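> Give me a 3D structure for the following:
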Amino acid sequence: MRCEFNDGLRVSYSGKLRIHKGDEVSVALDRDEIPMDIQDELLEAALHESCSEMRDIAREVTETFGTYVPE
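Residues are numbered from 1 along each chain as shown. Model prediction:
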């Protein structure tokens with residue numbers, strides 16, 4: 001699932017979670033790096049095709065991990 005917002009935020013989830021702000025990747029997590037409760041929320045948002053839920057999850061993940069892009 002992929003969501004784009006007017007403020008430049010983009011969230012994509014297909015097992016891996018990518019959160020972009022503008023042209024920069026803010027968070028990049030592989031499936032095994034995503035906490036189980038957030039995985040459940042991501043699956044629920046994808047099932048509902050809800051970009052508003054994805055935005056809430058992106059905020060939660062960013063607050064939890066900060067900017068996280070593995071090398």
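
> lowest confidence element among the helices and strands of this protein?
In the chain, no helix or strand scores lower on mean pLDDT, DSSP states H and E than strand 24-29, which sits at a mean of 85.

> what comes up buried for it?
S26, V27, A28, L29 (16 or more other CB atoms under 10 Å). For every residue, glycine as well, the C-beta is placed using N, CA and C.

> which one among the residues you listed gets closest to I38?
Of all these, I38 sits closest to L29, with 8.8 Å by CB to CB.

> Need the nearest residue in space to the closest one, chain neighbours excluded.
Spatial nearest neighbour of L29, chain neighbours left out: L17 (4.6 Å); criterion: CB to CB, 6 or more residues apart in numbering.

> So that neighbour is in contact with L42, correct?
Yes: using CB atoms under 8 Å, L17 makes contact with L42 at a distance of 6.7 Å.

> Now the common contact residues for those two.
Residues touching both L17 and L42 by CB atoms under 8 Å, 6 or more residues apart in numbering: I34.

> Could you pull up the residues touching G22?
Shown in contact with G22 (CB under 8 Å, 6+ apart): G8.

> And it, how close does it get to F5?
From G22 across to F5, the span is 11 Å (CB to CB, to the nearest Å).

> returning to that earlier point: residues in a beta bridge with the residue nearest to L29, which ones?
For L17, the beta-bridge partners under DSSP bridges are Y13, L29.

> State the distance from it to D40.
Taking CB to CB as the measure, L17 and D40 are separated by 13 Å.

> F65 too?
Distance from F65 to D40, counting by CB to CB: 17 Å.
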